[in-house]
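A.B. asks: could you work out the structure for the sequence below:
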Amino acid sequence: MKPRTIITFLVLAAFALPSLSPAADITPAEVRAIAKEAYIYGYPMVDSYRIEYGYFVDKTDPKYKGPANEIHNTPRVYTPADKAIQTPNSDTPYSILWLDLRAEPIVLSVPAVEKDRYFSVMLCDGNIFNHGYIGSRATGNEPGDYLVVGPDWKGETPAGIKKVFRSSTQFSAAAYRTQLFSPDDMPNVVKIQSSYKVQPLSAYLKEPAPPAAPAIDFPKIDKAMVKTNFFEYLDFALQYAPAGPEEKEIRAKLASIGIGAGKTFDFKDLSLEHKAAVGLGMKAGDEFPPVNSFWSVTMYDGKSQLLIKNPINRYLINSPMMPDMKKNEDGSLTLYIQKDNPGPDKEANWLPAPDGPPYLILRMYWPKTEGPFHLARRRRQLEAPGHREGEIINYVHSEPNPSPSTHEIPKHRPHFRADRLHHNCNR
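C.D. replies: Next up is the predicted model:
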C-alpha cells in the first residue's frame, strides 16, 4: 500500500445509487479490522477534500479562493486569521492552485526569479502525495513551462515542456511559496506572483480544447460532517483516485464492507453488530500507542539533545500520567507542547519545550506487534537537527527488544499530533 499522509475530500448525499452493506459472511471482527484500515487509508483523501471544498468550491466560505485551474495569489504572509490548513508558514506569501486534470493536462509556467530569492511550487494530489516540485531547489530559478497530468494521461511530452509531473488523482493542488525579504519587499513578491501562469495544454499548444469534463455536484463538508459521514465522503473521493497496483488489496477489502468509487456507504443500513464493529474500527484508527506496558513522550533540547530545565520540572508525558490529564469529549488527549505555560486549565497536559529547536522522542515499552501505528500532528510541526525544513522527528524507541517481532518503526514519516498520536504534506 502507498505510504499515506493526512488531509481532505467529501460526501454525496444526492447519489441515486443503492446503499451497500458488508457481505453477509463477514464477521463483526473482520468488519472492525477493515473499518480501521479504511479509516487510516482514506483519511488523507477525505480531509484533503475538506480543505479543497472551502478553498475552491464553496463560494460562501470566507476562505474561498476561486475556481479550479486558476492561480490565486495572496499578497501577504499568513496570519492567525488563516485557518483552512494547519502549520502554514508566515515567511513566504502563498499562491494557491487547484488543478482539475480530468479533461486535459495543465501547464504551469514560472518566470525567472533572482538568484538569491527562494521560491517553490509544491504539487500535492488528492492522496496527499507530493508528486513534484518546481523552484529554486528542484529546478532552479530560471523560467520554464511544466506539465501536470492526471493518472490516465498517455500523451507525449510536448515541445517546450521541461518536465512532466503525474498526479495519482484527477484533482491536485499546487502551493507556491515566494520568499519575502522584508515588508518593503512585498511589491517585488507581488510582481513575481503575477508572473506565475496557468493554462490548459490545448491553449499552450494553440489547439482546440477537448470536451469539458462533466460537472460535479460537490457534497458539502465540514469537520463535523467528516466525523458522521466519513465513509460516504471516501466513496466520493475514490471516484477520482484510481487504484495503483499496490492498492488492489485494500480496495477489495473496502468493497467487502460496501465502500468504493461510485458506491454509497450507508451506516443506517448496517446490522447492529456491524454498526458497532465499524465504530470500533474507526476509533481504533485514531488510538494511543499500542503497548503492553507503557509509552512516553520526552522533550529534549534540539541542539544538545539533552533534557531541558523548565518551571514545573516536567521532562516527559507518559501513559501512567493519563488519569490526571484532561481528556477531550471524544476520549482523545491534547498535549500542549510549547515553551510557555498554556494556563491553569491546560497545565496538566503541558509538555514544556525549549526556547529554541525541540527534539521529541516517543518511546514504546513492550510494544504490541500489530500495526502499523500512525502518529498525527494537529498544531505545529517540529524540526530536529539534521532534518530538512518541515520534516517530522521519526524516532520510535522500543524497550526491551526480545525478538524480530518487536514493533517496527513506521515506514511513514509520522506527525506528532498530540491529540491522538497521522501525516502531512508540507514543503
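
A.B. asks: make it CA atoms for all contacts and neighbour counts henceforth
C.D. replies: Fine.

A.B. asks: so, low pLDDT: which residues of the stretch 301-427 of the chain?
C.D. replies: Applying pLDDT under 70 to the stretch 301-427 of the chain picks out residues 330, 370-427.

A.B. asks: do that again at 80, thanks
C.D. replies: Applying pLDDT under 80 to the stretch 301-427 of the chain flags residues 328-333, 365-427.

A.B. asks: what are the ranges of the helices in it?
C.D. replies: Assigned helices in the stretch 301-427 of the chain: none (criterion: DSSP state H, counting those that start in this stretch).

A.B. asks: helix, strand or coil for residue 250?
C.D. replies: Following DSSP: H, G, I helix; E, B strand; the rest coil, we place residue 250 in the helix state.

A.B. asks: neighbours of it, how many?
C.D. replies: The tally of other residues near residue 250 (other CA atoms under 10 Å) stands at 16.

A.B. asks: and residue 180, what is it in contact with?
C.D. replies: Contact analysis of residue 180 by CA atoms under 8 Å, 6 or more residues apart in numbering lists 91, 92, 93, 186, 189.

A.B. asks: now those residues: which count as buried?
C.D. replies: When those are checked for burial by 16 or more other CA atoms under 10 Å, the buried set is 92, 93, 186, 189.

A.B. asks: just checking, next helix/strand downstream of the longest helix that the chain contains?
C.D. replies: For the chain, the helix with the greatest residue count under DSSP state H is helix 28-52. Downstream of helix 28-52, the first helix or strand assigned by DSSP states H and E is strand 72-73.

A.B. asks: now the longest helix of the chain: average pLDDT?
C.D. replies: What helix 28-52 shows for mean pLDDT is 88.

A.B. asks: helices or strands next to that helix in the packing?
C.D. replies: Here helix 28-52 touches helix 223-238, helix 248-256, helix 272-284, going by 3 or more CA pairs under 8 Å, 6 or more residues apart in numbering; DSSP states H and E.

A.B. asks: CA atoms only for the second one, dumped as PDB, please.
C.D. replies: As requested, the backbone C-alpha atoms of helix 248-256 are provided in PDB (Å, rounded to 0.1, in the frame of the first residue of the first chain):
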ATOM      1  CA  LYS A 248      -5.800  -3.500  -5.200                       C
ATOM      2  CA  GLU A 249      -5.900  -5.400  -1.900                       C
ATOM      3  CA  ILE A 250      -7.100  -2.500   0.200                       C
ATOM      4  CA  ARG A 251      -9.700  -1.500  -2.300                       C
ATOM      5  CA  ALA A 252     -11.000  -5.100  -2.300                       C
ATOM      6  CA  LYS A 253     -11.300  -5.000   1.500                       C
ATOM      7  CA  LEU A 254     -13.200  -1.700   1.300                       C
ATOM      8  CA  ALA A 255     -15.600  -3.100  -1.300                       C
ATOM      9  CA  SER A 256     -16.300  -6.100   1.000                       C
END
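
A.B. asks: what's the spacing between that helix and its chain's center?
C.D. replies: Here helix 248-256 is found 22 Å from its chain centre; the criterion is CA atoms, centre = their mean, to the nearest Å.

A.B. asks: elements contacting it?
C.D. replies: helix 28-52.

A.B. asks: quick one: low-confidence ranges for the stretch 1-150 of the chain?
C.D. replies: The stretch 1-150 of the chain contains residues with pLDDT under 80 at 1-26, 83-87.

A.B. asks: if we use 90, what do you get?
C.D. replies: Along the stretch 1-150 of the chain, the parts satisfying pLDDT under 90 run over 1-40, 43-44, 47, 51, 62-63, 78-91, 128.

A.B. asks: contacts for stretch 93-105?
C.D. replies: Contacts of stretch 93-105 (CA under 8 Å, 6+ apart): 52, 56, 67-78, 106, 147-150, 153, 170-180, 189, 193, 200-202, 210-213.

A.B. asks: give me the buried entries from those residues.
C.D. replies: Here, 16+ other CA under 10 Å leaves 52, 56, 67-73, 75-78, 106, 147-150, 170-180, 189, 193, 200-201 buried among the contacts of stretch 93-105.

A.B. asks: okay, and which of these map to strands?
C.D. replies: 72-73, 106, 147-149, 171-178, 200 (DSSP state E).

A.B. asks: closest one of those to residue 260?
C.D. replies: Within those, proximity to residue 260 (CA to CA) peaks at residue 171, which comes in at 17.6 Å.

A.B. asks: contact partners for that closest one?
C.D. replies: Per CA under 8 Å, 6+ apart, neighbours of residue 171: 98, 99, 100, 101, 102, 125, 126, 150, 240.

A.B. asks: across the sheet, point out what pairs with it.
C.D. replies: Counting by DSSP bridges, residue 171 is bridged to residue 100.

A.B. asks: what bridges to the nearest residue to residue 193 once chain neighbours are set aside?
C.D. replies: Nearest residue to residue 193 in three dimensions, chain neighbours excluded: residue 73, at 6.5 Å (CA to CA, 6 or more residues apart in numbering). Beta-bridge partners for residue 73, by DSSP bridges, are residue 95.

A.B. asks: show me the contacts for residue 73.
C.D. replies: Residues in contact with residue 73, defined by CA under 8 Å, 6+ apart, are 94, 95, 96, 193, 194.

A.B. asks: how about residue 299?
C.D. replies: 307, 308, 315, 316, 351, 352, 353, 358, 359, 360, 361.

A.B. asks: okay, now the third one: neighbour count?
C.D. replies: Just to be clear, that refers to residue 315. 16.

A.B. asks: got the contact list for it?
C.D. replies: Neighbours of residue 315 in contact, by CA under 8 Å, 6+ apart: 298, 299, 300, 307, 308, 351, 352.
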